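Trainee: below is the sequence, then the predicted model.
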Amino acid sequence: MRLLCLGLLALAIVSLTGCTNGSRTPSRIFKTRPDFAKIDVGMTNAQVLAVLGDPEENKVTRTERSRWARMAISSDYGVRQRSFLEFVLEQYEKVGVEELDQEKLPALLKLRYDDSLDDALDDLGGDPDAIGAMFKGFQRHLYQHAS
């Protein structure tokens with residue numbers, strides 16, 4: 001019985017966070033962290049949802065997450081890197097989380113640098129591995145609230 005309840009809780013969390021199809025990056029996250037310790041096996045669905053909060057009131061928009069990331073990258077990266085990351089954040093806000101896929105990096109570089117990967121490499125330091133690490137690394141700021 002306990003295993004079934006924990007499974008149902010996991011399904012509730014998946015549905016509330018929008019994390020589906022094996023996605024590691026949820027489409028929405030909790031604005032405020034629910035106190036999962038208050039959830040008990042004997043609780044009704046309504047009681048569990050009362051602890052978790054209303055998912056519609058509790059979701060964080062892409063714009064808000066971008067704002068968090070902008071605050072963080074303003075001190076973490078150089079001027080040229082920040083310029084490119086700002087461009088990525090604009091695309092993320094317009095299109096969605098799929099713009100943050102590592103496989104999208106070449107297309108984003110081409111879009112930002114007028115189809116010239118050479119210009120992108122020159123502008124961002126010349127090391128493709130470092131550019132990939134920068135692209136991947138800054139994304140953590142989208143899911144960490146900058147206080």
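Mentor: Thanks, I have it.

Trainee: which outside residues touch stretch 94-111?
Mentor: 25, 27, 62, 84, 87-88, 91-92, 116-117, 120, 131-132, 135-136, 139, 142 (Cβ atoms under 8 Å, 6 or more residues apart in numbering). Bear in mind the C-beta positions are built from the backbone N, C-alpha and C, glycine included.

Trainee: hmm, which of the residues you listed are the buried ones?
Mentor: Buried subset of the contacts of stretch 94-111 (neighbour count, 16 or more other Cβ atoms under 10 Å): Arg62, Phe84, Val88, Gln91, Tyr92, Ala120, Ile131, Phe135, Gln139, Leu142.

Trainee: wait, what's in contact with the fifth one?
Mentor: Residues touching Tyr92, when contacts are defined by Cβ under 8 Å, 6+ apart, comprise Arg62, Ser66, Glu99, Leu100, Leu142.

Trainee: the last one contacts Ala69, correct?
Mentor: In this case it means Leu142. Yes - using Cβ atoms under 8 Å, Leu142 is in contact with Ala69, at 5.1 Å.

Trainee: could you list the domains of the protein?
Mentor: Annotated domains of the chain cover 2-58, 62-142 [automatic domain parsing].

Trainee: show me the shaky parts of the protein.
Mentor: The chain contains residues with pLDDT under 70 at 1-40, 43, 45-46, 48-58, 145-147.

Trainee: tell me where it has helices.
Mentor: Under the criterion DSSP state H, the chain carries helices at the ranges 2-17, 45-52, 55-58, 62-76, 79-95, 105-112, 117-123, 128-137.

Trainee: please consider this matter closed, and thank you.
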